[in-house]
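1. predicted model and sequence follow; I will ask about them next.
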Amino acid sequence: MRRNRGNMRYERGSCHCTAGCGSAVRTVAHASAVEMLRPSRSPGAVFLDVLIILLFFSPLSLAHALDIVVVKSAGIKPYNDALEGFKSACKCTVIEINLSKTEKQDIARRILALSPDAVLAIGTDAFRQVRTIREVPVFYSMVLPSESLDDAPGNISGVSMQIPPELYLGSLLELFPHARRLGIVYDPNSTGSFVREAARVARDKGVELVLREAGAPREVPSLVEGMRDKIDLFWMLPDATVVNSETVNAMLLFSFQHNIPLFSFSDKYVEMGALAALTISPYDLGVQTGEIARAVLSGQAGRGPLRVNARKTVLSVNRKIARKLGIAIREEAVTRGGGRFVP
């Protein structure tokens, strides 16, 4: 069902939960409980009735369909897949807001006016709009790892797109076993901790990271070009300072002109011309976020927020780009872990 409330457009999705009757059910149950406990009933019947009442009024039985306001950065397929995964695990009623189609001004206040049980942000832009909300739990999914959560309040939980450096480098070297100099442009304020950990892992594997720091997007193209003849492969990190439409085009051009493969973090860039990427599954990320939401909202998560990394990765390879760059890709290195070739 679609509704318009002020300038905010949202959709209410249906719940799959079997206990979505709310307070009306509890009122009827209370009346039935009084009837059951009347003294005229036999002791055995009363005992059985008490047992039924205890089961009915357990926390699980009192669970109701939770209203979750979902804010998506845009209506693109990865975000839609993440939402479907979330709904499959959360079993909740969803009020959906597409941020690209609504006014962003004062959106947090307008969300709270809907009196939701919680808020889910899908995408970095959406998360930036709702991370100031304190009144209800806030969950996030499909948010760039460079979005700092160090100072985030305790009501914020979710699943990061962060893939540990060990997994990145393991997949990268499995695909390119002869690569020994890997170029990275990064913003220390965004991905500095990841790069430090990656440098440690790389040393253990006998690989050198050629690092260049960027303080602004305009610095990226010249820093990338300056790596010519210094690297065997360029590693694009999910860094909000480094990655935008203009800088990605500069990286792709660098790769084509100098025959240097580009290893990325998104299928989108593989389709644009990167040779390969280690990515997450948006649907599984949504499922993982939905599981966290259920745990937090049911009180099973204990104290403090739940913030974890994605549990499932997928290797994608552009076979056409490999041929253009003259790079032989071992098929078993891609398919062994459930990877795939992008046409």
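-> Sure thing, it's come through. Residues are numbered from 1 along each chain as shown.
2. where does pLDDT dip in this structure?
-> In the predicted model of the chain, residues 1-65, 146, 148, 150, 337 satisfy pLDDT under 70.
3. would you map the strands across the stretch 101-250 of the chain?
-> For the stretch 101-250 of the chain, the strands defined by DSSP state E, counting those that start in this stretch occupy 118-122, 138-141, 156-160, 181-186, 208-213, 233-235.
4. JSON lines for these, including distance to residue 170 and mean neighbour count?
-> For glycine as for every other residue, the C-beta is placed from the backbone atoms N, C-alpha and C. Formatted as JSON lines, the strands of the stretch 101-250 of the chain follow (distance: least, CB to CB, whole Å; neighbours: other CB atoms under 10 Å):
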{"stretch": "strand 118-122", "distance to residue 170": "28", "mean neighbour count": "29"}
{"stretch": "strand 138-141", "distance to residue 170": "25", "mean neighbour count": "28"}
{"stretch": "strand 156-160", "distance to residue 170": "19", "mean neighbour count": "24"}
{"stretch": "strand 181-186", "distance to residue 170": "13", "mean neighbour count": "24"}
{"stretch": "strand 208-213", "distance to residue 170": "15", "mean neighbour count": "17"}
{"stretch": "strand 233-235", "distance to residue 170": "13", "mean neighbour count": "24"}
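5. neighbours of residue 338, just the number please.
-> Burial of residue 338 is recorded as 11 neighbouring residues (other CB atoms under 10 Å).
6. now do the same contact list for it.
-> The contact partners of residue 338, taken as CB atoms under 8 Å, 6 or more residues apart in numbering, are 314, 315.
7. what about it, which SS state?
-> Here residue 338 is recorded as coil under DSSP: H, G, I helix; E, B strand; the rest coil.
8. run through the residues that contact the residue lying closest to residue 115 once chain neighbours are set aside.
-> Once flanking residues are discounted, residue 115 sits nearest to residue 67: 7.5 Å by CB to CB, 6 or more residues apart in numbering. Listed by CB under 8 Å, 6+ apart, the contact set of residue 67 reads 92, 93, 95, 114, 115, 116, 117.
9. need those in JSON lines with neighbour count, can you?
-> Shown next, in JSON lines, are these (neighbours: other CB atoms under 10 Å):
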{"residue": "92", "neighbour count": "27"}
{"residue": "93", "neighbour count": "20"}
{"residue": "95", "neighbour count": "23"}
{"residue": "114", "neighbour count": "15"}
{"residue": "115", "neighbour count": "10"}
{"residue": "116", "neighbour count": "22"}
{"residue": "117", "neighbour count": "16"}
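10. among these, which ones are in helices?
-> The members of the contacts of residue 67 all map outside helices under DSSP state H.
11. isn't residue 234 right up against residue 258?
-> No: between residue 234 and residue 258 there is no contact under CB atoms under 8 Å: 9.3 Å.
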